[in-house]
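**Student:** quick check, what structure comes out for this input:
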Amino acid sequence: MKRIWVPSVIVLLLSACGSEPVMPEVGTPEPETEIPENVDQVAGTDTEAEEADGNSADLYAYFMEDGTTAKFKGEGNEYAAITLQTTYLPEGHIAVYEDNGGTVILRVYRLGDGQVELVKEEQEFYEEYTPTKEELQALEPISLYYKLPIEAGDEVKGMTVIQTDAQVETPYRNFDQAILLERTSEDGALLRSYFVEGFGEVKREFRMTEGDEEYIVTSSLESIQ
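**Tutor:** Below you'll find the model as predicted:
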């Protein structure tokens, strides 16, 4: 089946947040974040350094659990409904497959030293990513995805942290302590991303005003399995 490329304005929304990706029904209690055994060894960091800069186990809490599939309800555009599949890899890496109905994007993140870096991003990826430890170690950082501690005014994912205690509604449940990121593009479009400890990214929002009309596209967490 021929894959369809997403229009550039919507790519901004669908790629704004990664995080990397079916499920109890809406209103199911939040899952506990599953942390691999021997996190210190997996992340390849020193325990004292982790305590000072942000523990690797805490960084795992901003991704879905290993092996889970998360579905996001889309509104405003056919590509806003997405599915994220999350897989934990060796050496403190996480792979997230994002399927928006038009393409599958693979993103690989590296956790350690109190921060998460995006180290691989590839569109039209329809296979299972099974790298060796050497291949993972050879990946070069692309951008900063997340860090701990995080405060208002910090820059991550090319966005600015606006709040660390924002409220956000999703079909899955409502959250009170979300981290809100924002960015305004050159054409005036507003991009928002909401992160919640224990889940990772739970909502994306795209807003653009044209004349008297406001164009809104959202992707909101709906279910997890």
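**Student:** now do the helices in the chain.
**Tutor:** Applying DSSP state H to the chain gives helices spanning 8-14, 39-43, 47-53, 56-60, 133-138.
**Student:** who touches the closest residue to Thr184 other than its chain neighbours in this structure?
**Tutor:** Setting aside the residues directly before and after it, Thr184 is nearest to Leu190 in space (Cβ to Cβ, 6 or more residues apart in numbering), at 5.6 Å. Yep, even glycine has a C-beta here, placed from its N, CA and C like the rest. Leu190 sits next to Glu182, Arg183, Thr184, Glu205, Phe206, Arg207, Met208 when contact means Cβ atoms under 8 Å, 6 or more residues apart in numbering.
**Student:** and which of the residues you listed is nearest Gly76?
**Tutor:** Phe206 (7.6 Å; Cβ to Cβ).
**Student:** what bridges to the closest one?
**Tutor:** Phe206 forms beta bridges with Leu191, Val217, as assigned by DSSP bridges.
**Student:** picking that back up, now render the contacts of Leu190 as JSON lines, adding neighbour count and pLDDT.
**Tutor:** What follows is these, written out as JSON lines (neighbours: other Cβ atoms under 10 Å; pLDDT from 0 to 100):
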{"residue": "Glu182", "neighbour count": "14", "pLDDT": "98"}
{"residue": "Arg183", "neighbour count": "16", "pLDDT": "97"}
{"residue": "Thr184", "neighbour count": "12", "pLDDT": "96"}
{"residue": "Glu205", "neighbour count": "23", "pLDDT": "98"}
{"residue": "Phe206", "neighbour count": "23", "pLDDT": "97"}
{"residue": "Arg207", "neighbour count": "17", "pLDDT": "97"}
{"residue": "Met208", "neighbour count": "18", "pLDDT": "95"}
